[in-house]
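Colleague: need coordinates for the below:
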Amino acid sequence: MASRSRADSYELSDTYSSNTLGNIRSSSSSSSRRIPKSWIIAAVLFYIASVVTVGLLAGLLPKRTQHITYIGTPTVDTPTTTESPLPCVNDECNPRLQSDLTVHKYTLEYFFNNTQQTTVQGQVTIDFTLKQSIQQLIYHGKRFLDLETPLLLEDNVTHLVSMKLYPPNDYIVLQSLSNELFPENTYTLIQKFTVNLADGNVGFYQNIYQDGNETNQKLLATKFQPTDARKAFPCFDEPHLKARFQINILHPENTIALANFPAV
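Modeller: Model (predicted):
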């Protein structure tokens, strides 16, 4: 009985649905018959015309372009410190000295007045002979704090000269103010300079050592090889241009000066 009851229930439901759908169809048919056909035709034609018009407008009208301006965070250009290489002139362009000359003697003087100072003033006198006439007199100097234009004497007669530096080759370059050549002859060059004692461990520099009481003390030393003499004083820093030296050092009384040749 329970089983039949469920079946009846389903059958009643199906019968109800069938009758309902039939009623809906009859109602719909009745409604359709009441709408004039001319209205339906007009609606269809209006829909078709609307679709065609929209399509034509989409193809014929220019597309809208959107221009966007991006405003970013402003940046400040950092100036570069890289410098262009200096233009060289004549023998300045050669990495080795080209002049044919003989260096006879260096007289070198240093003035060290206070053990707390980190600079030392100096003066060099160079006696040499030119074996050929030259337009530029070139020799070496490297990273001096101060370098004065030298006094150049030819047989004790002063040559008026201009001085410039060419750092890429550590050159000091002299030219005659009259644009004349430096002729073959014997010369004396006298030049004042200032050395930075705290600029590395070559040339003429300061260092620290411990005395017998393990107390730190300051010393000054030199290191010239292979090409670092030019950092201690202006010179012709080439291995084939060896010469005699005389060194004079003014220093405080409580310090000691030593050299690798006899004191005078």
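
Colleague: tell me which stretches of the stretch 1-150 of the chain form strands.
Modeller: For the stretch 1-150 of the chain, the strands defined by DSSP state E, counting those that start in this stretch occupy 101-111, 119-130, 137-140, 146-147.

Colleague: in its sheet, what does the longest one sit against?
Modeller: In other words, strand 119-130. Note on strand 119-130: by DSSP bridges, its sheet partners are strand 101-111 (antiparallel), strand 185-196 (antiparallel).

Colleague: who's in contact with the first one?
Modeller: Spelled out, that is strand 101-111. The contact list for strand 101-111 (C-beta atoms under 8 Å, 6 or more residues apart in numbering) reads 120-131, 204, 233, 235-236, 241-251. Placement of C-beta: from N, CA and C, glycine included.

Colleague: still on that earlier bit, can you list the strands of the stretch 1-150 of the chain in JSON lines and add distance to residue 95?
Modeller: Formatted as JSON lines, the strands of the stretch 1-150 of the chain follow (distance: least, C-beta to C-beta, whole Å):
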{"stretch": "strand 101-111", "distance to residue 95": "18"}
{"stretch": "strand 119-130", "distance to residue 95": "21"}
{"stretch": "strand 137-140", "distance to residue 95": "11"}
{"stretch": "strand 146-147", "distance to residue 95": "21"}
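
Colleague: what's the most buried one of the ones you listed?
Modeller: Ranked by mean neighbour count, the strands of the stretch 1-150 of the chain are led by strand 137-140 with a mean of 22 (mean count of other C-beta atoms under 10 Å).

Colleague: that one packs against which elements?
Modeller: Packing partners of strand 137-140 (3 or more C-beta pairs under 8 Å, 6 or more residues apart in numbering; DSSP states H and E): strand 171-176.

Colleague: now do the closest residue to residue 89 other than its chain neighbours against residue 236, distance only.
Modeller: Leaving aside its chain neighbours, residue 89 sits nearest to residue 136 (7.5 Å; criterion: C-beta to C-beta, 6 or more residues apart in numbering). Residue 136 is 14 Å from residue 236, where distance means C-beta to C-beta, to the nearest Å.

Colleague: export the helix or strand harbouring residue 207 to PDB, keeping only CA atoms.
Modeller: Assigned by DSSP states H and E, residue 207 belongs to strand 203-210. Taking C-alpha atoms only, strand 203-210 is exported to PDB below (Å, rounded to 0.1, in the frame of the first residue of the first chain):
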ATOM      1  CA  GLY A 203     107.700  57.800  -2.400                       C
ATOM      2  CA  PHE A 204     108.200  59.700   0.900                       C
ATOM      3  CA  TYR A 205     105.700  58.600   3.500                       C
ATOM      4  CA  GLN A 206     105.000  58.200   7.200                       C
ATOM      5  CA  ASN A 207     104.600  55.000   9.100                       C
ATOM      6  CA  ILE A 208     104.300  53.700  12.700                       C
ATOM      7  CA  TYR A 209     106.700  51.600  14.700                       C
ATOM      8  CA  GLN A 210     107.000  50.400  18.300                       C
END
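
Colleague: list the buried residues for that strand?
Modeller: When neighbours are counted by 16 or more other C-beta atoms under 10 Å, the buried residues of strand 203-210 are found to be 203-206.
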